[in-house]
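> Here is a sequence with its predicted model. Questions after.
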Amino acid sequence: MWSFLAYLAKHFGTDHTVVVMDVEHVGKAHRYLVRPSRIALAWGGSLLVIAALVGGMLVFTPLRTFIPGYGTEEIARNARLNTLRLQSLQDSLSTQRRYIKRLRGLITGRVDSSWEGGPPSSGTRAQAPPQVPSRMAEASQESPSPHRQPALSAAGRPVAASAPRRSVAGTLSFPLPPPVESGFPTREYNAQTGHYGVDIAVSEGEYIRAVAQGYVVWADWTQDGGHTIAVQHADGYISIYKHNNRLLKRRGDRVTALEPIAVSGNTGAISTGPHLHFELWRNGLAQGPKALIAGW
């Protein structure tokens with residue numbers, strides 16, 4: 001067979017007569033006129049047609065996406081969209097980190113007053129802290145507390161436990177109900193010494209309740225405060241509950257007034273006995289909770 005094809009290739013321009021006979025049964029022979037040039041032309045044309053069909057399928061059908069390294073317009077568009085999503089996610093994570101850093105400082109008492117009420121927007125200068133009375137400013141300078149901006153105590157406007165409840169900051173009404181049903185104060189609020197809350201002696205296992213409705217913005221362990229939970233209320237108020245034995249709510253949960261959010265305990269490095277450390281903040285400033293809580 002190969003010798004025959006080699007002979008035809010050697011005599012490419014010559015016409016040949018091919019005789020076909022049955023080897024086993026001698027019969028009538030069949031003669032065929034063979035022109036090698038036409039055979040080559042037919043083979044070449046067939047290969048071109050097949051190549052054109054394959055090329056058309058790759059160009060006009062989704063089969064082209066299976067070619068390694070072939071980038072389509074859709075892939076490029078998705079890549080650009082994913083890049084924009086990644087940049088947006090990075091911006092969101094950066095904002096969340098700043099918020100968590102601010103909230104952690106608020107809970108631990110290390111409040112940075114360089115910006116108030118949230119991070120300053122890009123291209124703008126941080127707002128200066130509001131003016132405070134001179135005596136409070138002098139006390140702040142003498143105090144070693146990291147709370148740079150003097151905490152505003154509500155002692156100047158006390159509210160009796162029997163006073164009628166009045167609407168403050170939309171949904172908040174003062175005085176607020178206490179976070180525990182029993183217990184007695186063992187350490188008062190004192191901004192000059194860096195104690196921005198009230199310590200309430202309470203036995204372990206008692207329910208700690210939210211003083212007002214809101215959303216849990218922090219529910220985690222802190223070195224000093226142990227199991228700590230913070231609830232965001234209306235008009236910039238945040239209530240913080242430290243040294244709990246365990247937490248009943250997670251960050252993002254919605255709570256109602258007097259709903260149990262934790263169980264009292266004795267956790268944290270600075271806790272010396274079962275008690276609740278309760279703080280009330282507004283717009284980054286600690287408030288004296290004694291005058292704002294009913295019965296305190």
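Good, I have the coordinates.

> Which strands and helices lie in contact with the longest helix seen in the chain?
Longest helix in the chain by number of residues (criterion: DSSP state H): helix 73-108. Judged by 3 or more Cβ pairs under 8 Å, 6 or more residues apart in numbering; DSSP states H and E, helix 73-108 is in contact with strand 214-222, strand 226-232, strand 237-247. For every residue, glycine as well, the C-beta is placed using N, CA and C.

> Now do the contacts for the closest residue in space to residue 12 that isn't next to it in sequence.
The shortest distance from residue 12 to any non-neighbouring residue, by Cβ to Cβ, 6 or more residues apart in numbering, is to residue 36 (4.9 Å). Contact analysis of residue 36 by Cβ atoms under 8 Å, 6 or more residues apart in numbering lists 8, 9, 11, 12, 13, 14, 16.

> Any idea what the last one is bridged to?
For residue 16, the beta-bridge assignment (DSSP bridges) gives partners residue 34.

> Please, where are all the helices along the stretch 51-200 of the chain?
73-108, 134-142 (DSSP state H, counting those that start in this stretch).

> Show me what the mean pLDDT comes to for the longest one.
Read that as helix 73-108. Averaging pLDDT along helix 73-108 yields 79.

> and the helices of the stretch 51-200 of the chain as CSV, adding distance to residue 44 and mean neighbour count?
Supplementary listing: the helices of the stretch 51-200 of the chain in CSV, determined by distance: least, Cβ to Cβ, whole Å; neighbours: other Cβ atoms under 10 Å:
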stretch, distance to residue 44, mean neighbour count
helix 73-108, 35, 12
helix 134-142, 95, 11
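
> Next, the angle from the longest helix of the chain to strand 226-232.
Counting by axes from the mean of the first three to the mean of the last three Cα atoms, to 10 degrees, helix 73-108 points 110 degrees away from the direction of strand 226-232.

> now helix 73-108 against strand 214-222, angle please.
Going by the same axes, to 10 degrees, helix 73-108 makes 80 degrees with strand 214-222.

> Next one: the spatially most central residue of the chain from residue 99, what distance?
Nearest to the geometric centre of the chain sits residue 93, at 6.0 Å (Cα atoms, centre = their mean). Plainly put, residue 93 is 11 Å away from residue 99 if you go by Cβ to Cβ, to the nearest Å.

> Over to residue 258?
27 Å.

> same question, residue 217
Taking Cβ to Cβ as the measure, residue 217 and residue 99 are separated by 9 Å.

> next one: residue 3
Taking Cβ to Cβ, one finds residue 3 at 87 Å from residue 99.

> One more: residue 278?
Residue 278 is 23 Å from residue 99, by Cβ to Cβ.

> quick one on the thing from earlier: figure out which of the helices and strands packed on helix 73-108 is closest to residue 282.
When the helices and strands packed on helix 73-108 are compared by Cβ to Cβ, strand 237-247 sits nearest residue 282, at 5.1 Å.

> May I have the closest one exported as CSV, CA atoms only?
What follows is strand 237-247, C-alpha atoms only, in CSV (Å, rounded to 0.1, in the frame of the first residue of the first chain):
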residue,chain,number,x,y,z
TYR,A,237,-26.9,55.9,74.6
ILE,A,238,-24.9,52.7,75.2
SER,A,239,-25.3,50.6,78.4
ILE,A,240,-22.4,48.2,79.3
TYR,A,241,-22.5,45.2,81.7
LYS,A,242,-19.3,43.6,82.8
HIS,A,243,-18.0,40.6,84.9
ASN,A,244,-20.8,38.3,83.9
ASN,A,245,-20.6,34.6,84.3
ARG,A,246,-22.1,34.0,80.8
LEU,A,247,-23.8,35.9,78.1
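
> helices and strands around it, which ones?
So strand 237-247, by 3+ Cβ pairs under 8 Å, 6+ apart, packs with helix 73-108, strand 214-222, strand 226-232, strand 260-264, strand 275-282.

> In JSON lines, list the ones you listed along with distance to residue 32.
As requested, the helices and strands packed on strand 237-247 are exported to JSON lines (distance: least, Cβ to Cβ, whole Å):
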{"stretch": "helix 73-108", "distance to residue 32": "53"}
{"stretch": "strand 214-222", "distance to residue 32": "92"}
{"stretch": "strand 226-232", "distance to residue 32": "96"}
{"stretch": "strand 260-264", "distance to residue 32": "99"}
{"stretch": "strand 275-282", "distance to residue 32": "104"}
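
> Sweet, I'm off.
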